[in-house]
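1. sharing a model prediction with you, sequence too.
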Amino acid sequence: MSLISETTLGSYLSAALRSDVTVANLAPVTAGARRINILFDATIEGTHRGLCITQLPNEGDAFRSIPDEVQWLNLARTAGMNVAEVVAWNEDSSILGGPFFITQQIHGVTIPKHVIELCAATPGLGAKVAFELGESLAKLHVRSIDEVPADVERPPGTAVDAALAWIDEGMSELLQRSPAFELVARWLTNNQPSPVPTTPIHGDTRNGNIIVNENGLGAILDWETAHIGEPFEDLAWLAQRMWRVRNDQYEIGGFAHRSDLRQGYEAGGGTWSDERFHWWKVYRCVWWGLGLARQGRQHLDGTFRSVIMAASGRRVAELEWDALCLIETT
Amino acid sequence: MTCSDSLPCCTTSTVRGQSAPNTSEGPTLRDRSGFQTVGYAMMSPVDELRTDRPTAVELLEIMAATLKETVVPATAPKAQHQARVIANLCRVLGRELAANETVTVPIPPSLRDVDDATADAAYGDVLELVRAKLAVNKPGYDAHSATQERNIIA
C-alpha cells in the first residue's frame, strides 16, 4: 500500500535533497493503469517547485526496475529529448510503500482526446508537436546502444528478426486462428526491409504517453518499455489508428501529418524511409492485435482475470481490419 | 413440433429479440381456436415461449443504459472505467444476439505460407469475415478503409 502523504514525501525529500522541503497539494492523475502518478507542490528552501511522483505499488508488476527507468530518463535527457528531469528516486519500499521516482512537473494535457482538442483549437500546434516528437526521437535513435542500461536485453539478430519471431510466438498462442493476421504475417515475411543497426528506442511513443501544452511537446512519458530495436518501430507506433480517437484525417496521433514528423526527424539527425515506416506500421498493428488477443487469453486462463482484459479479446478485429487495410495500400 | 399454416398460432412467430410480440393476440387466438392454455403452449413456436419478456437483447439494452446513466456517475474513477467497459460489452452482446446473419466464407486452412494467387483470392473473403466481427464488436469502424488510409498518408 502506498504511504505517500505530504508528511512522508516532505521528510523523504528533505533527506534526499539535504534541504528543508515541505510538500502540499497532492493531486493524483489518471494517467497510467498500474502506476500511481501524483502531482504535488514542493517548497525547497523557500522556492516553490511543481513535482510529480511515479510509484509502482507492487514491485512484481514492474516491467523494469526504477534504477533502469531512471537511467533511460537520464540518457534521454542527455540526448536532448523532451523528457522530465529526475529529481530523486528510491527502490526502498519501506519509505513510501513502493519503489518510486520523482520528476519535475510539466504543464499540459496527456489524455489523447484532450491532446487532439488542444491541437485542433491551436493553429499549428499539432504540426509542431509532431515535429518535436520526430526531433526528440531522432536524438535518441542516433545514440549508441552502449549507453543503454546494462541489463537491457541485446537482441542477437536484427530488429526485424526479433519482430518476426514475436509474431510467430503470438500467432502460436492464439485461442482461435486469425486468417487476417495470417495474411499480414505472410506480408511481413515477404516484405522485410534490409537490416540496419539497432539503436535505443522508447518503445511506446504515442498520443497518450506525451504531455502537450500550448507551446508544443512538453515531454515523452513512460519509459517502462524502452528497449533496443529499430527507429521506425517508435515512429510508426505514432501512426496507429487507436491513438487518433476517430480523428482519422491525421495519421500521427489524430493531430498531425506524417510530413510533420518526418521534418522533425530529419532536423534531429535521423534518416527517413517511407518503406521502413510502412513495414513497422504494419508490424506494430498486428503486434498490438496479438497483444489484445493475449490479454483476452490471460483472462480466460486465469492469469489475469478482469473485465478489461476480457473486453480486449473483442477488440482484436479492429487491428485485423487496420492491418488488412495497410497491406492493401502497397 | 410443426404447426399447420391454417392454425393462427403460427402467425404470431417473432424473430427472437427483434420484433415485439403482439400481446393482445394470445388471448384472442386462444378464444378463436378454443384451445386451453396448455394447448396454446403446445401449439406455439417453442422458442417463443422458452423465455419470458424482456428478451436477452432487451435486458442487455437496459443494463447498458443503467450502467451508463446511473452506475457510472455514482462510482469511483477506477470502477467507472470498468462500468463503462461492461456497458459497452452489453451493447456488443446485444448486437451479437440480434445478428441472425451467418457468414460462411471458404477460407483455406492456413494463409501464412500460401502463394500470391491464393493470398490475393482469400483477401476479400477475410476482409468480409473481419467486417462481420466489427459489425458486432465496433460498428462503423470499417468506415475508414484502405483507400482512406492511403489518402491521409499521401
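-> Yep, it's here. In this text the structure is predicted, and so the values were computed from the model without any measurement.

2. what is the subsequent helix or strand relative to whichever helix in chain A runs longest?
-> Secondary structure of chain A per DSSP state H: the longest helix is helix A:274-300. Downstream of helix A:274-300, the first helix or strand assigned by DSSP states H and E is helix A:307-313.

3. list the buried residues in that following helix.
-> A:Met309, A:Ala310, A:Ala311, A:Ser312, A:Gly313 (16 or more other CB atoms under 10 Å in any protein chain shown). Every C-beta, even on glycine, is put in place using the N, C-alpha and C of the backbone.

4. and which of these is nearest A:Ile106?
-> Sorting the buried residues of helix A:307-313 by how near they are to A:Ile106, with CB to CB, puts A:Ser312 at the top with 30.0 Å.

5. circling back: run through the buried residues of helix A:307-313 and flag the ones next to chain B.
-> A:Ala310, A:Ala311 (CB under 8 Å from any CB of the partner chain).

6. of the buried residues of helix A:307-313, closest to A:Trp288?
-> Using CB to CB, those come closest to A:Trp288 at A:Ser312, 10.2 Å.

7. and that closest one, what does it touch?
-> A:Leu292, A:Ala293, A:Gln295, A:Gly296, A:His299 (CB atoms under 8 Å, 6 or more residues apart in numbering or on different chains).

8. which ones are touching residue 142?
-> Here I'm looking at chain A. By CB under 8 Å, 6+ apart, the contact list for A:Val142 reads A:Ala79, A:Thr199, A:Gly268, A:Gly269, A:Gly270.

9. that answer is for a different chain, and I need it for chain B
-> B:Asp142 makes contact with A:Trp321, B:Val130, B:Arg131, B:Leu134, according to CB under 8 Å, 6+ apart.

10. quick check, pLDDT for it.
-> Looking at B:Asp142, its pLDDT reads 97.

11. for it, grab phi and psi.
-> phi -80, psi 0 (degrees, to the nearest 10).

12. any idea how far B:Thr55 is from the residue nearest to the spatial centre of chain B?
-> Nearest to the centroid of the C-alpha atoms of chain B, with distances taken as CA atoms, centre = their mean, sits B:Ala98, at 2.0 Å. Distance, B:Ala98 to B:Thr55, by CB to CB, to the nearest Å: 9 Å.

13. cool, and A:Pro200?
-> Per CB to CB, A:Pro200 is found 56 Å from B:Thr55.

14. spell out which parts of chain A neighbour chain B.
-> Contact residues, chain A versus chain B (CB under 8 Å from any CB): A:30, A:171, A:177, A:179-180, A:182-183, A:185-186, A:241, A:248-251, A:257-258, A:307-308, A:310-311, A:314-315, A:317-318, A:320-321, A:324-326, A:328-329.

15. mind giving me the domain ranges of the chain?
-> In the absence of a named chain, this looks at chain A. Here the domain parsing of chain A from automatic domain parsing is A:6-104, A:112-328.

16. actually chain B
-> B:8-50, B:56-98, B:116-153.

17. mean confidence for the first one?
-> Across domain B:8-50, the average pLDDT comes to 44.

18. could you do the second one as well?
-> Averaged over domain B:56-98, pLDDT sits at 93.

19. swap in stretch A:292-299?
-> The average pLDDT within stretch A:292-299 is 96.

20. do the same with stretch A:218-235
-> pLDDT averaged over stretch A:218-235 gives 95.

21. in that stretch, what's buried?
-> A:218-224, A:226-235.

22. could you pull out the helices for chain B?
-> B:25-33, B:37-43, B:46-50, B:56-66, B:77-98, B:116-137, B:146-153.

23. quick check: the gap between B:Thr147 and B:Glu96.
-> 29 Å.

24. between the two, who's got more neighbours?
-> Between B:Thr147 and B:Glu96, B:Glu96 has the larger neighbour count (other CB atoms under 10 Å in any protein chain shown), namely 16 against 10.

25. let me see the contact set for that one.
-> Contacts of B:Glu96 by CB under 8 Å, 6+ apart are B:Val136.

26. could you redo the last one with a cut-off of 10 Å?
-> Contact analysis of B:Glu96 by CB atoms under 10 Å, 6 or more residues apart in numbering or on different chains lists A:Arg314, B:Ala56, B:Val57, B:Leu60, B:Lys133, B:Ala135, B:Val136, B:Asn137.

27. buried ones among those residues?
-> For those, buried by 16+ other CB under 10 Å: A:Arg314, B:Val57, B:Leu60, B:Lys133, B:Ala135, B:Val136, B:Asn137.

28. for the worst-scoring helix or strand of chain A on mean pLDDT, buried residues please.
-> One helix or strand of chain A scores below all others by mean pLDDT, DSSP states H and E: helix A:93-96, with a mean of 90. Neighbour-count burial for helix A:93-96, counted by 16+ other CB under 10 Å, picks out A:Ser93, A:Ile95, A:Leu96.

29. for stretch A:124-140, same thing?
-> A:125-140.

30. now, these that are in helices?
-> Short answer: these in helices (DSSP H) are A:125-140.

31. let's test this: mean pLDDT of the host helix or strand of A:Asp322, rounded?
-> Using DSSP H and E, A:Asp322 sits in helix A:316-328. If you average the pLDDT over helix A:316-328, you get 97.

32. ditto for stretch A:116-136
-> Stretch A:116-136 comes out at a mean pLDDT of 98.

33. for it, what is the distance to the chain centroid?
-> Distance of stretch A:116-136 from its chain centroid, counting by CA atoms, centre = their mean, to the nearest Å, is 17 Å.

34. so what would you say the end-to-end distance of it is?
-> Taking CA to CA, to the nearest Å, stretch A:116-136 runs 20 Å from one end to the other.

35. now do the contacts for the residue nearest the centre of chain A.
-> Nearest to the geometric centre of chain A sits A:Asp204, at 2.6 Å (CA atoms, centre = their mean). Applying CB under 10 Å, 6+ apart to A:Asp204 gives the contacts A:Phe63, A:Ile220, A:Leu221, A:Asp222, A:Trp223, A:Glu224, A:Thr225, A:Ala226, A:His227, A:Asp234, A:Trp237.

36. turn the buried ones among the contacts of B:Glu96 into CSV, including distance to A:Trp166.
-> CSV is the format used below for the buried ones among the contacts of B:Glu96 (distance: CB to CB, whole Å):
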residue, distance to A:Trp166
A:Arg314, 23
B:Val57, 40
B:Leu60, 37
B:Lys133, 24
B:Ala135, 30
B:Val136, 28
B:Asn137, 24
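
37. name the nearest of these relative to B:Ala143.
-> Of these, the one sitting nearest to B:Ala143 (CB to CB) turns out to be B:Ala135, at 11.8 Å.
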